[in-house]
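Student: Everything below, folded, please.
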Amino acid sequence: MTAPIWNTSAPGKVILLGEHAVVYGQPAVSMAIGLRMRVHVEPSTMSSLNGVQLTSHNYSYVSACLAKMGSAPMSVMTSSDFPSGSGLGSSAAVTVALIAALAGRYGPWKEAEVAQQAFEVECEVQGRASPIDTSTCTHGRAILVRPEPGEDLLWQMSLDSRRWCVHHLDAPDMTLVIGFTGRSAPTGPMVAKVKRYVDRSSFARDMVEEIGQVTLEGVRSMAEGDLEALGRSMSMNHKLLAILGVSSPELDRLVKACLPHSYGAKLTGGGGGGSMVALTDRPDQVVEVIRSKGGQPFVASTNVPGVKEE
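Tutor: Residues are numbered from 1 along each chain as shown. Reported below is the predicted structural model:
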């Protein structure tokens, strides 16, 4: 008898507006991109990832997913259109895709349940997480995260005293070019760095509030299909993040080089390394510029589906 096999995929993501400020209750916009993480799961005599046996000390996201879903031993194989550690949500994408594959053993799964379980896995592994990445990889397209519920609410999640209301966000079709600096930077230390600044400086708190205002301006521009105005919001967001100290020379170099060929450009995610993103209608030129400055370019479409069976 042939062993059952489950195949799923989930998209990567970019935070288009609002990273870091979202920690302090400001809104943030995140978008799924047309670069996907694919997961192939089948029963096995031992649990493994890409042929390597899982232990308590390796591949913590995969191990946590198997434990949460009460899974028997599974062979998990992954393939990805984007590198891990690039700030494009690889851990969230593999978590979401694997949760959906394991849930699919029992029948159709619901988006909200996959998003909740994936968020719980990320909290368990990271210690402190937000549902932005996992919600984006689950729902796809674009989401708006803010503390209060509004129109197009998808789901609410809470942890300790924090609450996130995740909304579907209509977004115009656009082309994003991502530039990976080649240097990974853990998000946790950058979040802690911003917290120290915000705790002791009213100027930093003002920057956080201004990022929130810029994010809402960007949301309005998206609703109007005004890519030029959206690009201006992205570029302003980058300047404010740089003031907060979460950019890097590599990110600033790529952003500056892309601006003449883009509506706007900014770092995306935790900062300190990782990736930047440019909104453009001249992707070939932006790709060339990123490559000439030592970055690794990826062209990504938007309005792509979330987690799905393959």
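
Student: in terms of contact, does Val114 touch Val96 like I think?
Tutor: Yes - with contacts counted by CB atoms under 8 Å, Val114 reaches Val96, the gap being 6.2 Å. Heads up, the C-betas are built off the backbone N, CA and C, glycines and all.

Student: Need the overlap of contacts for these two.
Tutor: Thr138, Val307 (CB atoms under 8 Å, 6 or more residues apart in numbering).

Student: Looking at the two, which has the bigger crowd around it?
Tutor: Neighbours per residue (other CB atoms under 10 Å) separate Val114 from Val96, with Val96 holding more: 35 against 28.

Student: Next one, pLDDT for the more buried one please.
Tutor: Val96 is assigned a pLDDT of 97 by the prediction.

Student: now do Met1
Tutor: On pLDDT, Met1 comes in at 42.

Student: So, low pLDDT: which residues of the stretch 51-200 of the chain?
Tutor: Where the stretch 51-200 of the chain drops to pLDDT under 70, the residues are 56, 128.

Student: at 90 what do you get?
Tutor: Along the stretch 51-200 of the chain, the model assigns pLDDT under 90 to residues 54-61, 69-72, 82-91, 104-108, 122-131, 147, 158-163, 182-195.

Student: Can you show me the strands along it?
Tutor: 52-53, 74-80, 142-146, 153-159, 162-168, 175-180 (DSSP state E, counting those that start in this stretch).

Student: how about those in TSV, adding distance to Ala64?
Tutor: TSV is the format used below for the strands of the stretch 51-200 of the chain (distance: least, CB to CB, whole Å):
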stretch	distance to Ala64
strand 52-53	16
strand 74-80	12
strand 142-146	23
strand 153-159	16
strand 162-168	20
strand 175-180	26
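
Student: among those strands, which is nearest Met46?
Tutor: Proximity to Met46, assessed across the strands of the stretch 51-200 of the chain by CB to CB, is greatest for strand 52-53 (5.7 Å).

Student: Now do the closest one: everything it contacts.
Tutor: Contact with strand 52-53 is made by Met46, Ser47, Asn58, Tyr59, as judged by CB under 8 Å, 6+ apart.

Student: swap the cut-off to 6 Å and go again
Tutor: Met46 (CB atoms under 6 Å, 6 or more residues apart in numbering).

Student: likewise stretch 5-16?
Tutor: Contacts to stretch 5-16, defined as CB under 6 Å, 6+ apart, come from residues 29-33, 35-42, 82, 88-89, 93, 96-97, 100-101, 104, 133, 136-137, 140, 268-269, 277, 304, 307, 309-310.

Student: Would you mark the buried spots in that stretch?
Tutor: Trp6, Asn7, Thr8, Ser9, Ala10, Pro11, Gly12, Lys13, Val14, Ile15, Leu16 (16 or more other CB atoms under 10 Å).

Student: hey, where'd the helices end up in the chain?
Tutor: Ranges of helices in the chain, per DSSP state H, are 60-68, 90-103, 111-126, 132-139, 187-200, 202-224, 227-243, 249-258, 283-292.

Student: Which one of those lies nearest to Leu169?
Tutor: Across these, Leu169 has its closest neighbour in helix 202-224 (7.1 Å, CB to CB).

Student: So which elements touch the closest one?
Tutor: Packed against helix 202-224 by the contact rule (3 or more CB pairs under 6 Å, 6 or more residues apart in numbering; DSSP states H and E) you find helix 187-200, helix 227-243.

Student: what's the angle between that helix and helix 187-200?
Tutor: 120 degrees (axes from the mean of the first three to the mean of the last three CA atoms, to 10 degrees).

Student: if we can go back for a sec, now the helices of the chain in CSV, with distance to Tyr24?
Tutor: Below are those laid out as CSV (distance: least, CB to CB, whole Å):
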stretch, distance to Tyr24
helix 60-68, 27
helix 90-103, 21
helix 111-126, 18
helix 132-139, 14
helix 187-200, 7
helix 202-224, 5
helix 227-243, 13
helix 249-258, 22
helix 283-292, 31
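
Student: Tell me which of these lies nearest to Cys165.
Tutor: Closest among the helices of the chain, using CB to CB: helix 132-139, at 10.4 Å.
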